[in-house]
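>>> how would this look folded up:
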Amino acid sequence: MLKIQLNKMLLSILVLLFSIIIGCEESKETEEIVEKTPKDTVKEEVFPALGHDAPYYLDSVYYGREEYIEYHPGNIPIILSVPHGGWLIPDEIPDRTYGTMVTDDNTYQMSKVIMDTMEARFGSKPYVILCRLKRRKIDANRDSTEAAQENRFAHRAWQEYHYYIGSAKKKIESEFGSGLFLDIHGHGANPDGYYDLRTWLGYLMPGSVLDQNDETLNTNSNSIKTSIRALVDSSDFSFIEVLRGPHSFGSLLDSLGFGSVPSKKYPGPEGSRYFSGGYNTARHGSRDGGIISAIQIEAPKPGIRQNQQTWSNYASALATVVDEYYFRHLKRRIKD
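Presented below is the predicted three-dimensional model:
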């Protein structure tokens, strides 16, 4: 009897030991499985240095990351900047949560026509920088905070946009000694429904200042606040004549059928809506120094941004005006 009980106890002990061993094996096997589970090895994208695609050659086209930014090197002292004509809406860049979101319709296409027209006219090309991202993803005419709103991919595109402009400016400064930066935009109907069909030319002078008379406005303290400060300093004409006299950019455009503010015919906006120039005009113009002057061009859609024919007409006029404006104030043609 005792022997039977001992055998049962021994059997129970063996079963218990076996269970413990099996449990340990299972635990060990589970631990091994956990250890073998692959970790997240996705690395954050490291951007190459800005300018890694240099040097930039004429008749080549360069693109930033994901082709969000497009750059055409040139060989005349003109830069065309097109920040609000894009259409790309990648998922990796969320929509901006504040600021203006409106696209300047057809400015991308029209600026390509302007580029081709200038090349045909002068036998040489302007420098052209275009943002292909829709404005709700980035605003290349704002500082980086508002432009990208903490998205690293949008911020990279913003950096590329202004790097390409900076590269163009350096080439113009070294090869020509002066230049003109044109920031191409489009304006729409006013909130009250009225559509001003004139081109608004921005020199960093508010509309209320432009509405002053010539005598009040024609001062050195005003001229040094404009984005065309360097051009005014080089011109034989007074500040007011360069700004809105017969030899002004606006008056030359007006003479070709494209009414513009400011000009001799339309000295100021007379209290109506008007855009005086933004971040790009301030950063890349000559108000704060430098030899490249800037003008923001705000073109209406009807008659200018409307279709292929109106793009061509405006491009032809703009090429004529740029050459004549340059000649009258800097005493040389765009292409000698």
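
>>> Now do the helices in this protein.
Counting by DSSP state H, the chain has helices at residues 2-36, 107-122, 144-148, 152-175, 207-210, 214-217, 220-223, 229-234, 239-244, 249-255, 279-284, 308-330.

>>> Would you reformat those helices as TSV and include distance to residue 98?
C-betas here are computed from N, CA, C, even on glycine. Below are the helices of the chain laid out as TSV (distance: least, Cβ to Cβ, whole Å):
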stretch	distance to residue 98
helix 2-36	45
helix 107-122	22
helix 144-148	7
helix 152-175	14
helix 207-210	24
helix 214-217	34
helix 220-223	32
helix 229-234	31
helix 239-244	33
helix 249-255	33
helix 279-284	15
helix 308-330	32
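
>>> quick one: residue 118 from residue 322, how far?
8 Å (Cβ to Cβ, to the nearest Å).

>>> What does the nearest residue to residue 246 once chain neighbours are set aside show for phi and psi?
Counting by Cβ to Cβ, 6 or more residues apart in numbering, the nearest residue to residue 246 once its immediate chain neighbours are dropped is residue 264, at 5.6 Å. Dihedral pair for residue 264: phi -60, psi -40, per degrees, to the nearest 10.

>>> In space, what's closest to residue 89 - neighbours in sequence excluded?
Nearest to residue 89 is residue 134, by Cβ to Cβ, 6+ apart, at 5.1 Å.

>>> How many neighbouring residues does that neighbour have?
Residue 134 has 18 neighbouring residues, counting by other Cβ atoms under 10 Å.

>>> just checking, it touches residue 90?
No. Counting by Cβ atoms under 8 Å, residue 134 does not reach residue 90; the two are 9.4 Å apart.

>>> Kindly provide the distance from residue 151 to residue 176.
Taken as Cβ to Cβ, the span from residue 151 to residue 176 is 36 Å.

>>> Ok, residue 124 next?
11 Å.

>>> One more: residue 118?
15 Å.

>>> more crowded one of the two?
Neighbour count, other Cβ under 10 Å: between residue 118 and residue 176, residue 118 has more, with 26 against 17.

>>> Find the residues that touch each one of residue 118 and residue 322.
Common contacts of residue 118 and residue 322 (Cβ atoms under 8 Å, 6 or more residues apart in numbering): 78, 334.

>>> low-scoring pLDDT stretches of the chain, where are they?
Applying pLDDT under 70 to the chain flags residues 1-43.

>>> redo that, cut-off 50
Applying pLDDT under 50 to the chain flags residues 1-6, 10-11, 13-42.

>>> The nearest residue to residue 64 once chain neighbours are set aside: what's it in contact with?
Of all residues not flanking residue 64 in the chain, residue 160 sits nearest, at 3.5 Å (Cβ to Cβ, 6+ apart). Residues near residue 160 by Cβ under 8 Å, 6+ apart: 50, 64-65, 68-69.

>>> Please pick the buried ones from those.
50, 64, 68-69 (16 or more other Cβ atoms under 10 Å).

>>> export stretch 316-328 as CSV, just CAs?
The C-alpha coordinates for stretch 316-328 follow below in CSV (Å, rounded to 0.1, in the frame of the first residue of the first chain):
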residue,chain,number,x,y,z
SER,A,316,4.8,90.2,-76.4
ALA,A,317,3.9,93.5,-74.7
LEU,A,318,5.9,92.5,-71.6
ALA,A,319,9.0,91.7,-73.6
THR,A,320,8.8,95.1,-75.3
VAL,A,321,8.3,96.9,-72.0
VAL,A,322,11.1,95.2,-70.1
ASP,A,323,13.6,96.0,-72.9
GLU,A,324,12.5,99.7,-73.1
TYR,A,325,12.3,100.2,-69.3
TYR,A,326,15.8,98.7,-69.0
PHE,A,327,17.1,100.9,-71.7
ARG,A,328,15.6,104.2,-70.5
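
>>> ok, what's across the strand from the nearest residue to residue 53 once chain neighbours are set aside?
Excluding the flanking residues, the one nearest residue 53 by Cβ to Cβ, 6+ apart is residue 62, at 5.5 Å. Beta-bridge pairing of residue 62 under DSSP bridges involves residue 71.

>>> show me what contacts residue 62?
By Cβ under 8 Å, 6+ apart, residue 62 lies in contact with 53, 56, 70-73, 164.

>>> Make a PyMOL selection of the buried ones in these.
Buried members of the contacts of residue 62, defined by 16+ other Cβ under 10 Å, are picked up in PyMOL with:
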select buried, resi 56+70+71+72+73+164
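
>>> and the contacts of residue 62, which two are the farthest apart?
53 and 72 (13.2 Å; Cβ to Cβ).

>>> Compute the first-to-last residue distance for stretch 145-152.
11 Å (Cα to Cα, to the nearest Å).

>>> Check whether residue 100 really touches residue 136, as I assumed.
No. Judged on Cβ under 8 Å, residue 100 makes no contact with residue 136 at a distance of 9.5 Å.

>>> Please identify which of the two sits among more neighbours.
residue 136 (18 against 13).
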